[in-house]
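Undergrad: with the sequence up front, the predicted model follows.
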Amino acid sequence: MALIKEVRGFAPEIGEDCFLAENATIVGDVKMGEGCSIWFNAVLRGDVNSIRIGNHVNVQDGAVLHTLYQKSTIEIGNYVSVGHNVTIHGAAIKDYALIGMGATVLDHAVIGEGAIVAANALILSNTIVEPFTLWAGVPAKFVKKIEPQQSKEMNERIAHNYEMYASWYK
């Protein structure tokens, strides 16, 4: 069973039909919607500020979500995929976005709807990633626009695949 821990009077709130891997850690002021999956060794640390996760979000193996004390929060929309070993620190991720493996998204950055952050990219603090764009590199830069329908289909397929994978463990 996942480690779910109350801290400073805040207890995580987990939506219906969520999969939490046995060694996932969910601490403090974390609220997630329904149909989410939190994978092996993922850490959602809402000890210093809030983490809000929408519906049908997958946070893959080894990802770390954290914030700055009284300065930043995490807000993740619906049908978002957070890849393996991603770090999100106090950022906003809009619906249908994809954060590639090993990427880092820093405080007060905003990842627009349907945007893709490439594997190992570094999104610096306060960066605004426009909807339906691809960003890559260290630090990350705009690469190209993505057709909204293409982005939605790909990102929705990945999110649905993770719901299927989670069903294998229930």
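TA: Good, I have the coordinates.

Undergrad: for residue 66, see how far away the residue in the chain sticking out farthest from the centre is.
TA: For the chain, the residue at maximal distance from the C-alpha centroid (C-alpha atoms, centre = their mean) is residue 9, at 23.8 Å. Separation of residue 9 from residue 66 (C-beta to C-beta, to the nearest Å) stands at 19 Å. For glycine as for every other residue, the C-beta is placed from the backbone atoms N, C-alpha and C.

Undergrad: same check, this time on residue 151
TA: Residue 151 is 27 Å from residue 66, by C-beta to C-beta.

Undergrad: next one: residue 163
TA: From residue 163 to residue 66 the distance is 25 Å (C-beta to C-beta).

Undergrad: more crowded one of these two?
TA: Using other C-beta atoms under 10 Å as the criterion, residue 163 and residue 66 rank with residue 66 on top: 20 against 16.

Undergrad: and residue 153, which of the three is it?
TA: Here residue 153 is helix, with the state taken from DSSP: H, G, I helix; E, B strand; the rest coil.

Undergrad: same deal with residue 157?
TA: Of the three states, residue 157 takes helix under three-state DSSP.

Undergrad: ok, now residue 150?
TA: Per three-state DSSP, residue 150 ends up helix.

Undergrad: ok, now how distant is it from residue 163?
TA: Where residue 163 is concerned, residue 150 sits at a distance of 21 Å (C-beta to C-beta).

Undergrad: kindly report the same for residue 46.
TA: According to C-beta to C-beta, residue 46 stands 23 Å off from residue 163.

Undergrad: what's the one helix or strand in the chain whose mean pLDDT sits lowest in contact with?
TA: Lowest mean confidence among the helices and strands of the chain (mean pLDDT, DSSP states H and E): helix 148-167, at a mean of 92. Identification of contacts with helix 148-167 by C-beta atoms under 8 Å, 6 or more residues apart in numbering yields 19, 35, 37, 56-58, 60, 79-81, 96-98, 114-116, 131-132.
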